[in-house]
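Trainee: Compute the structure for the input listed below.
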Amino acid sequence: MPGCQLVNAMLHPPSRKQNYHFHSICVITVTFKLLCFHINCHLVLCRLVWTYPSLNLLVFIDISLHFAGKSRRGFKLILIVSLSATASLILTCLVWIACHQKEKGTLFTIRKYAADESKIEEVLKQYDSLAPQRYNYSDLKKITKSFKDKLGEGGYGMVFKGILQDGRMVAVKLLTGTKGNGEEFLNEVISIGRTSHVNIVSLLGFCLQGSKRALVYEYMANGSLDNYIYSEESKIVVGWEKLQQIAIGIARGLEYLHCRCNTRIIHFDIKPHNILLDEDFCPKVADFGLAKLCRLKDSALSMAEARGTVGFIAPEVFSRGFGVVSTKSDVYSYGMLLLELVGGRRHVNQTTTHSSETYFPNRIYDCLVEDLQTHALITEAEEITKLMTIVGLWCIQTNPENRPSISRVIEMLEKNFNELEVPPKPFLS
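Mentor: Okay, here's the model as predicted:
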């Protein structure tokens, strides 16, 4: 058309960027753009776009404008003024809504945190000196020198070496994937902290600061038991007599958890890695991350609560047909631990194709029967291995009712192997 010039896309005016502050709580960044498409001399299609990156929001208005060629400039001015006023009004509403919601959420979080802290303080006052020491996360960073010396890592978090102000060495376990609110966590911590036995690792403190949760334990100089049972050299250093004392100590720790606590504790994850040794090789049952508490009058738990480590889990944990999950489930795991002390090999990732090798208690049972039939003279070390084998095989009986209690296990370990009856061959073999 004569006197007309078609423009595919014209940006007018240049885009503008502005920050808006509201009550010092939120900052909203806004970008304005006016995009005009000239269709012909009498028609212009315009789109006003404003973007709110912090709100993840984009808003636009489309307007079609008809005008005569002579008054085109006046219409453009009216268009810009009207759209700018509309944008300002909508922007003000959006800013107020967004900041009001953010302020409301912030205040809710602060109030919830304050309420949780109030409940935590009330619980701590109830137990007073009986409660473990509470540490802030910044305290833990100082104790561990910013988590410099890593001792190990498990399914529930990493463990770091630390030193308290009084010079005591500790192990700080940073927990991951914890469940429940702060009050529930605190109640469990206090329950664990009230346990006191020579064969139980002492809980010295804890951290409960928002989502950050940690446990502070006494430090065990000789690490975990699995460092000493998977090589012949370590057995020579420790000695079979010491291993027998370690086995008895573990059983006494379990007996305390099963029978002598205010609330019966079933560990659910007894294995060499969770048995720690102090400087004198005194064994201490550790890691109650998998422990479940139940009433003293009833030690049976539901299947949903049963957990553990493959190779040490009792059959009833896999299937209700074998019985209920109870303290006898810990006895089964303890029996597998005893056989580990004797056999010195792991139960998982077996590469052999022989079924008797896959379930290695079967091999140990056959060796025991063969040795007993020879009636040959044996050394003191061999007597200890036979004793631990017989007790271990009793502990891993498929039917929980056929397993001894942990108190009975202690009695058996303090006898001579000739005084014990050889158990039936485990059903699973």
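Trainee: in the stretch 51-200 of the chain, which segments are predicted with low confidence?
Mentor: 51-117, 128-129, 155, 178-180 (pLDDT under 70).
Trainee: how about the helices in it?
Mentor: 72-127, 137-143, 182-193 (DSSP state H, counting those that start in this stretch).
Trainee: Could you pull out the buried residues of the shortest one?
Mentor: Neighbour counts over helix 137-143 (16 or more other Cβ atoms under 10 Å) mark 139-141, 143 as buried. Where you see a C-beta, it was placed from the backbone N, CA and C, and this is true even at glycine.
Trainee: what's the closest of these to Ile120?
Mentor: Nearest to Ile120 out of the buried residues of helix 137-143 is Asp139 (Cβ to Cβ; 16.0 Å).
Trainee: I'd like the distance between the closest one and Met169.
Mentor: 16 Å (Cβ to Cβ, to the nearest Å).
Trainee: do the same with Ala314
Mentor: From Ala314 to Met169 the distance is 35 Å (Cβ to Cβ).
Trainee: ok, now Asp371?
Mentor: For Asp371 relative to Met169 (Cβ to Cβ), the value is 43 Å.
Trainee: what's the answer for Val331, then?
Mentor: 33 Å.
Trainee: higher neighbour count, these two?
Mentor: Val331 (25 against 13; other Cβ atoms under 10 Å).
Trainee: And that one, which helix or strand is it part of?
Mentor: helix 327-343 (DSSP states H and E).
Trainee: Packing partners of that helix?
Mentor: When contacts are defined as 3 or more Cβ pairs under 8 Å, 6 or more residues apart in numbering; DSSP states H and E, helix 327-343 packs onto helix 240-255, strand 264-266, helix 315-318, helix 361-374, helix 380-395, helix 406-413.
Trainee: What residues sit buried inside the first one?
Mentor: What it means is helix 240-255. 240, 243-255.
Trainee: Name the residues that touch it?
Mentor: Identification of contacts with helix 240-255 by Cβ atoms under 8 Å, 6 or more residues apart in numbering yields 197-200, 225, 229, 235, 238, 267, 270, 275, 277, 281-285, 330-331, 334, 337-338, 341, 380-381, 384-385, 387-388, 406-407, 409-410, 413-414.
Trainee: Repeat the analysis, applying 7 Å as the threshold.
Mentor: 197, 199-200, 225, 275, 281-285, 330, 334, 338, 341, 381, 384-385, 388, 406-407, 409-410, 413-414 (Cβ atoms under 7 Å, 6 or more residues apart in numbering).
Trainee: Make a PyMOL selection of the buried ones in those.
Mentor: PyMOL command restricting those to the buried ones, with burial defined by 16+ other Cβ under 10 Å:
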select buried, resi 197+199+200+225+275+281+283+284+285+330+334+338+341+384+385+388+406+409+410+413
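Trainee: Report the separation between Trp240 and Thr385.
Mentor: In this structure, Trp240 and Thr385 are 7 Å apart, going by Cβ to Cβ.
Trainee: likewise Thr398?
Mentor: Thr398 is 23 Å from Thr385, by Cβ to Cβ.
Trainee: One more: Ile410?
Mentor: Taking Cβ to Cβ, one finds Ile410 at 18 Å from Thr385.
Trainee: Could you do Tyr217 as well?
Mentor: 32 Å.
Trainee: for Tyr256, same thing?
Mentor: Distance from Tyr256 to Thr385, counting by Cβ to Cβ: 26 Å.
Trainee: low pLDDT regions in the stretch 201-350 of the chain?
Mentor: 231-236, 288-309, 345-350.
Trainee: okay, now the domains of the protein?
Mentor: Per the record, the chain has its domains at 10-107, 132-218, 225-419, by automatic domain parsing.
Trainee: Tell me the span between the first and last residue of the shortest one.
Mentor: As for domain 132-218, its first-to-last residue distance stands at 12 Å under the measure Cα to Cα, to the nearest Å.
Trainee: got it, and the longest one?
Mentor: Across domain 225-419, the terminal residues are separated by 28 Å (Cα to Cα).
Trainee: Same check on stretch 122-142?
Mentor: Start-to-end, stretch 122-142 (Cα to Cα) is 27 Å.
Trainee: May I see the buried residues of that stretch?
Mentor: For stretch 122-142, by 16+ other Cβ under 10 Å, it's 123, 131-132, 134-135, 139-141.
Trainee: what's the closest of those residues to Pro426?
Mentor: Closest to Pro426, out of all of the buried residues of stretch 122-142 and judged by Cβ to Cβ, is Pro132, at 40.5 Å.
Trainee: so how far is Leu203 from the residue lying closest to the closest one once chain neighbours are set aside?
Mentor: Using Cβ to Cβ, 6 or more residues apart in numbering and skipping the chain neighbours, the partner closest in space to Pro132 is Gly193 (4.0 Å). Per Cβ to Cβ, Gly193 is found 5 Å from Leu203.
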